[in-house]
Structures are given as C-alpha cells and as structure tokens.
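S.K.: My questions are about this predicted structure, shown below with the sequence.
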Amino acid sequence: ISLTETPMAGVNRIVKAVEDYTLATLFLVLASPLMLLIAIGVKLSSPGPVFYRQQRVTWNGENFEMLKFRTMPIDAEARSGPVWSKQGERRATPFGAFLRRTSLDELPQFINVLAGEMSLVGPRPERPEFVEQFRQRIPGYMQKHLVKAGISGWAQVNDLRGDSDLEQRIEYDLYYIDHWSVWFDLRILVLTLWHILKSHNAR
C-alpha cells in the first residue's frame with residue numbers, strides 16, 4: 001500500500017500561502033478590467049446573477065463555495081440535478097460557451113484563493129455528490145485532498161480536463177502532491193496560459 005503524505009506542512013505551508021496570496025492579488029488586479037467586461041457580458045447574455053456558486057471539496061475533504069462566471073441559464077439543472085460535464089454539451093449560453101472554451105469563467109476563483117479556500121495550483125475540486133461516487137471506485141481518489149484544490153493543476157495542463165479519464169487524472173494529481181515545489185507551481189502556471197489556447201476539453 002502506498003500512502004501519499006501532504007507536502008503542505010511547516011515552512012512549505014507558509015511558502016505556498018505567500019505564493020498564493022501574492023500572485024492571486026497580482027492576477028486579480030491585472031484581470032479586473034477584463035472581469036468587469038465579462039460580468040457585463042454575462043448579464044446581457046441571460047437573466048440571472050453574474051457569478052455561479054457551487055459546492056466543491058477541497059483540503060481535508062472540507063466543502064466550500066467555488067465561484068465561476070455563470071455560463072448557463074439559471075434553471076439548467078433544475079430538472080436533471082448535478083450532471084457531469086461532457087464535451088459537446090449544449091447547456092451553456094453562446095457567451096457562456098465562449099467563456100468555457102477560453103477558461104475565462106474560472107477567473108473569479110482568484111477570490112477563492114484570497115479567501116484561503118483554494119490554491120492557484122492543485123488538484124481541481126469536485127462536487128460532493130461526485131466525490132462520494134468516485135471515492136468508491138477510483139483507488140487513491142481521496143488523497144487528492146491532501147492539498148488545497150487549485151484553479152489549475154498538473155492534470156489540467158496535460159489535457160486531463162472535463163470528460164477525461166478520471167483514474168489517469170488522479171495519477172497526475174498524486175504526482176503533483178509527491179513532487180510539489182514552488183518551481184513546479186510556476187511551471188504549471190506558465191503551461192496553463194499556453195494550454196488555455198489549445199485545450200480540447202475545457203470545462
């Protein structure tokens with residue numbers, strides 16, 4: 001049995017926090033004009049709030065309210081309940097589909113980082129309903145919660161997003177946890193900027 005230990009202890013935890021708060025503040029300031037334009041676009045594209053708030057699971061299995069720019073009509077899951085996102089689905093508004101394709105809908109998560117609920121880099125968080133399903137059938141799934149959930153991660157920059165292989169995604173998440181360093185985080189952030197332009201599985 002192989003058990004992964006969290007690297008976020010002692011000095012590492014402080015370094016990771018400084019990295020997150022410093023870079024998230026910088027990114028949020030730089031992105032604020034764009035976020036204002038997106039907010040206007042969301043309001044004009046369909047009735048409802050600018051932000052979409054959804055329960056997700058982060059470090060130590062704790063729930064938090066993750067923010068996104070709203071990409072779907074407000075009643076999109078009224079009948080179906082929680083639905084796993086799949087490539088080619090048509091629930092999003094036209095403007096929302098553009099935000100998803102470019103990952104601009106994720107920008108409000110810098111606020112989650114400043115609130116201490118997420119990290120810039122880490123395993124992507126999942127909804128509690130799906131966590132309960134995946135923990136039963138995917139070995140090591142819950143070990144991804146040994147660190148804070150991230151806006152981007154090692155799995156995502158390797159094109160494991162959306163409707164991709166979950167077992168392979170977990171392997172990449174656990175590799176990230178085992179090999180974490182500030183330089184690894186910075187590498188992932190740089191790759192994320194490039195990957196947004198070419199990803200086929202943006203969610």
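M.R.: Cool, the structure landed. Model, not experiment: these values are computed from the prediction. Residues are numbered from 1 along each chain as shown.

S.K.: buried residues in the helix ranked longest in the chain?
M.R.: When the chain is scanned for its longest helix (criterion: DSSP state H), the result is helix 11-45. By neighbour count on 16 or more other Cβ atoms under 10 Å, the buried set for helix 11-45 is 16, 19-20, 23-24, 27-28, 35, 38-39, 41-42, 45. Any C-beta I mention is one placed from the backbone N, CA and C, and that applies to glycine too.

S.K.: Also stretch 149-156?
M.R.: So, applying 16+ other Cβ under 10 Å, buried residues of stretch 149-156: A149, G150, I151, S152, G153, W154, A155, Q156.

S.K.: all helices of this protein, in order?
M.R.: Ranges of helices within the chain are 11-45, 94-102, 109-114, 128-137, 154-157, 166-178, 182-198, based on DSSP H.

S.K.: Reformat the ones you listed as JSON lines; add distance to I74.
M.R.: As requested, the helices of the chain are arranged in JSON lines below (distance: least, Cβ to Cβ, whole Å):
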{"stretch": "helix 11-45", "distance to I74": "11"}
{"stretch": "helix 94-102", "distance to I74": "12"}
{"stretch": "helix 109-114", "distance to I74": "20"}
{"stretch": "helix 128-137", "distance to I74": "19"}
{"stretch": "helix 154-157", "distance to I74": "27"}
{"stretch": "helix 166-178", "distance to I74": "28"}
{"stretch": "helix 182-198", "distance to I74": "26"}
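
S.K.: F64 is nearest to which of those?
M.R.: Ranking the helices of the chain by distance to F64, with Cβ to Cβ as the measure, places helix 109-114 first at 7.1 Å.

S.K.: so what secondary structure elements neighbour that closest one?
M.R.: With contacts defined as 3 or more Cβ pairs under 8 Å, 6 or more residues apart in numbering; DSSP states H and E, the packing partners of helix 109-114 are helix 11-45, strand 63-69, strand 150-152.

S.K.: for the least confident helix or strand in the chain by mean pLDDT, packing partners?
M.R.: Averaged element by element with mean pLDDT, DSSP states H and E, the chain has its least confident helix or strand at helix 182-198 (a mean of 88). In terms of contact count using 3+ Cβ pairs under 8 Å, 6+ apart, helix 182-198 is assigned the packing partners helix 11-45, strand 119-121, strand 150-152, helix 154-157.
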